[in-house]
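Enquirer: Could you look at this predicted model? Sequence included:
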Amino acid sequence: MKSINPYNNQLNKEYKELSGKQIESIIANVEHAQKKYKHSTYGERSEKMKSLAELLRKNKTQYARLMTLEMGKLLGESEAEIEKCAWVCDYYADNAEIFLADEVIKSDASRSYVHFQPLGIVLAVMPWNFPFWQVFRFAAPALMAGNGALLKHASNVPGCAMEIEKIIREAGFPDNLFRTLLIPGKMVGEVIENPLVKAATLTGSEKAGSSVAEKAGKNLKKTVMELGGSDPFIVLEDAEFESCCQTAVTARMINTGQSCIAAKRFIVVEDIANAFEDRVKELMQDRKAGNPANSDTQLAPLAKPEFVEDIDRQVKESIEMGATLLLGGKRMKGKGNFYEPTVLTNVTPDMPVFKEETFGPVLSVIRVQNEKEAIEMANQSQYGLGGCVWTSSVERGEKIARTVESGAMFVNGMTKSDPRLPFGGIKNSGYGRELSHYGIKEFVNIKTIWIA
Ligand code: NAP
């Protein structure tokens, strides 16, 4: 397994993949650790979770540098990601006991209630785009609920995967409660089939999600799926113009566009479309590309060379089908995986930049006549993860937010995740929820106790 720096495509380090026998032995060890750990109190778990948050904050720069080295995000974004991981640890340390307290429900019993118990070992299959955050937003609630965990991280971030296992151990969680499996995607099926593994969660593409869900379904194991997105960013004629344009560009360029909840389809009413395109073009251009570890770099590389090919194909095919190129539109010269910040307009639903998920710095404008058409366009997608709407009328914004088919809608703000709010999608964006009290209840046995 190779860790390669996306800035120059040089090898950082090679890691050895585990054999089938080693995987089995690790799973048995996690089972052993979880069997003891599930009897710990919330207070004991919470203490360890707080130490984990402290460790993350203390070594923030070190972990941030590792992420930047392996998948190329801007160092400032990496540091913010570590801060967010510490936040989610604190959040569940403070709230798990409240969320999982027995819930009394009146019935024909003298007393009946719901009691929440850990499921056992949960497998997490994770993507490279937020190498720490994706793992921590799963691990913090799973461990607080009393589960053990196996991490199968994306193959291009093995250093992050090993470091996360180490930090969790250093924070005081039992050895073997959380283990990383350095294995390729094709070996995940074997892990799911292992009878000691009780459930699986996957954050990644639809292809990987459907393969894991199929295997888990065959083995009757619970899954949560956090898959791709093509979030609409709806701009109405009464939007507060400047903050809308600034946020549009931030929402598109976050993580160099490689985020499931990055805004991807900018649905703009005709009245304001010319002005919107001029302003976002201005804000997108002249970004200084360079080493993402340097503080003055504004444009980071994409995580793998093939992602440059993918985004370039989506742009070129869309132009051939009638989209108008306003900015960029090609890969940048040099040894890293850089793609020019790109703006396309006159985008229509049959084009790849509309139909497919665009994982790169490409902002696509879809012009519409009015609010009704904007909603229709927003819903004309196989995805349903997040989205936002911009209007000076909160009432109008809320009405649209309730109508768009997605797991979240933001009014006059960009889509983001927050430990306090549930996160997840509908349609091909997946099912189940992470974060908030909903997230911690995904991997527990919701057990009814009835007393005569
Ligand atoms: P990916 O190729 O699907 O990989 C995700 C994970 O699945 C990796 O660990 C990968 O391992 C593994 N995998 C791939 N094929 C598999 C298979 N057939 N069976 C089992 N595991 C398999 O996705 P990615 O490129 O890393 O991440 C980008 C995708 O994730 C985008 O679609 C993005 O929208 C989505 N995402 C969704 C959310 C959300 O919360 N909804 C958040 C972030 C990202 P290998 O690396 O070894 O192939």
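Expert: Alright, I've got the coordinates.
Enquirer: okay, now the nearest residue to residue 118 once chain neighbours are set aside: neighbour count?
Expert: Nearest residue to residue 118 in three dimensions, chain neighbours excluded: residue 146, at 3.4 Å (C-beta to C-beta, 6 or more residues apart in numbering). All C-beta spots, glycine's among them, are computed from the backbone N, C-alpha and C. Residues within reach of residue 146, counting by other C-beta atoms under 10 Å, total 24.
Enquirer: Tell me the residues on the stretch 351-452 of the chain that lie near the ligand, please.
Expert: 357, 385, 425, 429-430 (C-beta under 6 Å from any ligand atom).
Enquirer: Just those: which are in helices?
Expert: When those are checked against helices using DSSP state H, none is located there.
Enquirer: Using the record's assignment, carve this structure into domains.
Expert: Here the domain parsing of the chain from automatic domain parsing is 2-227+429-451, 231-418.
Enquirer: on that earlier part again, is it correct that the residue nearest to residue 118 is in contact with residue 36?
Expert: No. Taking contacts as C-beta atoms under 8 Å, residue 146 lies outside contact range of residue 36: 10.6 Å.
Enquirer: Neighbours of the residue in the stretch 1-150 of the chain positioned nearest to the ligand, how many?
Expert: Each residue of the stretch 1-150 of the chain has a distance to the ligand, by C-beta to the nearest ligand atom, and the smallest belongs to residue 127, at 3.2 Å. Residue crowding around residue 127 was assessed by other C-beta under 10 Å; the count is 24.
Enquirer: Find the nearest non-adjacent residue to it, please.
Expert: Excluding its sequence neighbours, the residue lying closest to residue 127 (C-beta to C-beta, 6+ apart) is residue 204, at 4.6 Å.
Enquirer: I'd assumed residue 125 was in contact with the one you found.
Expert: Yes. Under the criterion of C-beta under 8 Å, residue 204 is in contact with residue 125, at a separation of 6.5 Å.
Enquirer: Give me the more crowded residue out of the two.
Expert: For residue 204 against residue 125, the residue with the higher neighbour count under other C-beta under 10 Å is residue 125, and the figures read 27 against 23.
Enquirer: Can you classify the nearest residue to the more buried one once chain neighbours are set aside as helix, strand or coil?
Expert: Distance criterion C-beta to C-beta, 6+ apart; nearest residue to residue 125, sequence neighbours excluded, is residue 202 at 4.2 Å. Per DSSP: H, G, I helix; E, B strand; the rest coil, the secondary structure class of residue 202 is strand.
Enquirer: Tally up the residues packed near residue 202, please.
Expert: Burial measure for residue 202: 26 neighbouring residues, criterion other C-beta under 10 Å.
Enquirer: what's the distance between it and residue 208?
Expert: Distance of residue 202 to residue 208, given as C-beta to C-beta, to the nearest Å: 6 Å.
Enquirer: what residues are shared contacts of the two?
Expert: Residues touching both residue 202 and residue 208 comprise residue 125, with contact defined as C-beta atoms under 8 Å, 6 or more residues apart in numbering.
Enquirer: can you put the domains of the chain in JSON lines and add mean pLDDT?
Expert: Conversion of those to JSON lines gives the following (pLDDT from 0 to 100):
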{"stretch": "domain 2-227+429-451", "mean pLDDT": "98"}
{"stretch": "domain 231-418", "mean pLDDT": "98"}
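Enquirer: Alongside the ligand, which residues does the stretch 101-250 of the chain contribute?
Expert: 125-129, 134, 152-155, 184-185, 188, 203-205, 208, 211-212, 226-229.
Enquirer: Tell me which residues touch the residue lying closest to residue 144 once chain neighbours are set aside, please.
Expert: Of all residues beyond its chain neighbours, the one nearest residue 144 is residue 96 (3.6 Å), with distances taken as C-beta to C-beta, 6+ apart. Neighbouring residues of residue 96 by C-beta under 8 Å, 6+ apart: 42, 45-46, 141, 144-145, 440.
Enquirer: again, but for residue 29
Expert: Residues counted as contacts of residue 29 (C-beta under 8 Å, 6+ apart) are 176, 179.
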